[in-house]
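Student: Quick one, fold the following:
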Amino acid sequence: MKKVLITGANKSIGLETARQLLRDGYYVYLGSRDVEKGQKAVESLVAEGLDQVELLKIDVSDPESVKAARQELGRKTDVLDVLINNAGISGAFPQPATSADLAMIRQVFDTNFFGVIQVTQAFLDLLEKSEAPRIVNVTSGLGSLTLHSDPTWKYYGVKGAAYGPSKTALNAYTVVLAYELRDTPFKVNAVDPGYTATDFNHHSGPGTVEDAASLVVKYAILDENGPTGGFFSTDNDPVSGVSPW
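Tutor: Got it, this is the predicted structure:
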């Protein structure tokens, strides 16, 4: 049975991603920084008959928490097949470039960018033991510099100094990571699940968590012929699924 770690999986897209992978026969380590919320999420899945799941306490922005999570997972398994870096925060809006609070910007980057690097590096040795390791970095269309430079883009006016730039940085890290692992069985991709109705945006998005999670799952279960080093989103181009950097 293949094993997957999903960070920030106690609710919304992360939880639905766990649900869909459980249905696909994966064993899920449900990452959550809040133990109580994480355990409730696990219990909700078990109640649906999806019992190949357990909680892993992890705060991606806290190096000690990441280290402890790696040690805990290492006591449970010798191999990890999939890592989905889903945990993320938006920061307080608005985020004007001329006056946004620097502490807030650093907090967003600590989770959305540095947190991904910390987790990836910490669990890489377990992933390397998989025959077909996969890494999915959950990003956003707001991280696309190309789209942000296009006045005709539907979200052209949605700009900020913290959230979008943190995802731009994440996209750049994805490119570098995929390149470094290009001659290995790894597949590493950035996936934008689209503007989805979740707590993250006060349920203002038009997309469903089911559709959002299905896109994340698609790149988590790629076969050997799948792409690596890409940026994918059906929100921008539903035909090709490719999003511009």
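Student: CA atoms for contacts and neighbours, from now on please.
Tutor: Noted.
Student: which ones are touching the residue most central in space within the chain?
Tutor: Nearest to the mean C-alpha position of the chain, by CA atoms, centre = their mean, lies Asn86 at 2.4 Å. Shown in contact with Asn86 (CA atoms under 8 Å, 6 or more residues apart in numbering): Ile6, Thr7, Gly8, Ala9, Gly14, Asn137, Val138.
Student: most surrounded residue in those?
Tutor: Among the contacts of Asn86, Ala9 has the most neighbours (other CA atoms under 10 Å), with 30 neighbours.
Student: for that one, what are its contacts?
Tutor: Contact analysis of Ala9 by CA under 8 Å, 6+ apart lists Leu15, Thr17, Ala18, Leu30, Gly31, Ser32, Gly38, Asn86, Ala87.
Student: if we can go back for a sec, model confidence for the residue nearest to the centre of the chain, exactly?
Tutor: With respect to pLDDT, Asn86 scores 98.
Student: How much space separates it from Ala97?
Tutor: Distance, Asn86 to Ala97, using CA to CA, to the nearest Å: 26 Å.
Student: who's Val136 bridged to?
Tutor: Counting by DSSP bridges, Val136 forms beta bridges with Ile84, Asn189.
Student: Am I right that it is in contact with Val116?
Tutor: No: using CA atoms under 8 Å, Val136 is not in contact with Val116, being 10.3 Å away.
Student: so what sits against both of those two?
Tutor: Common neighbours of Val136 and Val116, counting by CA under 8 Å, 6+ apart, are Asn85.
Student: what's the residue nearest to the centre of the chain sitting at in phi/psi?
Tutor: Asn86 has phi and psi values of phi -100, psi -30 when expressed as degrees, to the nearest 10.
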